[in-house]
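>>> Provide a 3D model corresponding to the input given below.
(3 chains)
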Amino acid sequence: MTITDLKFIAGVDVAYWEVEGIEWGVCSIIVIDYATKVVIEETNSMGIIAVPYIPGYLAFRELALVIEAAKKLTHAPDLFMFDGNGYLHPRHMGIATHASFFLNKPTIGIAKSYLKIADAEFKMPENRAGSYIDIIINKEIYGKALRTHQGVKPIFVSCGNYIDLPTATTITEQLINSESRLPIPVRLADLATKRNRRLLRDL
DNA sequence: GCGACAG
DNA sequence: ATCTTGTCGC
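Have a look, this model is predicted:
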């Protein structure tokens, strides 16, 4: 995978709500033009969520909706960014990695907090935009804690699949604006998911 | 039994 | 993730 081949990049997220003891979820996928950052497309899917949240098993809870929303896309993304980990996972199989086998596209994992692996801790990157620290466990780089803005918590970037960490990091950094510590596609998917939830639950 | 815990 | 008001800061 080469950065110069990238045209469309997708951000994926899921939001939840409950109705009479039943949990529902809505998945939103936002596709933007990598060069201009303009939104090209949005697709959604919604359904009952039957799988509970268990740390390490997020994909089993969210993937069905993700795949359903991805099927509706008319502009095939060249890469998908997820709200959650990829290789930075106890079995190297976070949702970003797991999803790649269904999407058949490069994926990147972007987590907002650290999923502790084998009691391994990480040092916080220094407090300035762009600083990062590799998360190394048993001499292997799982991902990195990346500070996208000064004075804000770092995000955790890891490979999903079909991409290397330096490339994933470069792409992530190029999609950061002043609006959020998260890359634009993930941030927009997060906003879309909450907007759609408001519309759906008030139905 | 207690603490930890992506979303 | 979600439940939630005001509030501090750029």
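>>> drop to CA atoms for contacts and neighbour counts, all remaining ones
Will do.
>>> what separates the spatially most central residue of chain A from A:C159, distance-wise?
Nearest to the mean C-alpha position of chain A, by Cα atoms, centre = their mean, lies A:F82 at 1.6 Å. A:F82 is 10 Å from A:C159, where distance means Cα to Cα, to the nearest Å.
>>> which SS state does the residue in chain A that DNA strand C sits nearest to fall under?
Across chain A, the shortest distance to DNA strand C (Cα to the nearest atom of the strand) belongs to A:A15, at 3.7 Å. With DSSP: H, G, I helix; E, B strand; the rest coil as the basis, A:A15 sits in strand.
>>> Looking at strand pairing, list the partners for it.
Counting by DSSP bridges, A:A15 is bridged to A:V26.
>>> Same check on A:T107?
Under DSSP bridges, the beta-bridge partners of A:T107 are A:F80, A:N161.
>>> was I right about it contacting A:L79?
Yes - at 5.6 Å, A:T107 counts as touching A:L79 under the criterion of Cα atoms under 8 Å.
>>> More neighbours: which of those two?
A:T107 (31 against 24; other Cα atoms under 10 Å).
>>> tell me the phi and psi of A:E173?
Recorded main-chain torsions at A:E173 are phi -60, psi -30, according to degrees, to the nearest 10.
>>> Can you report how many residues neighbour it?
Using other Cα under 10 Å, A:E173 has 19 other residues around it.
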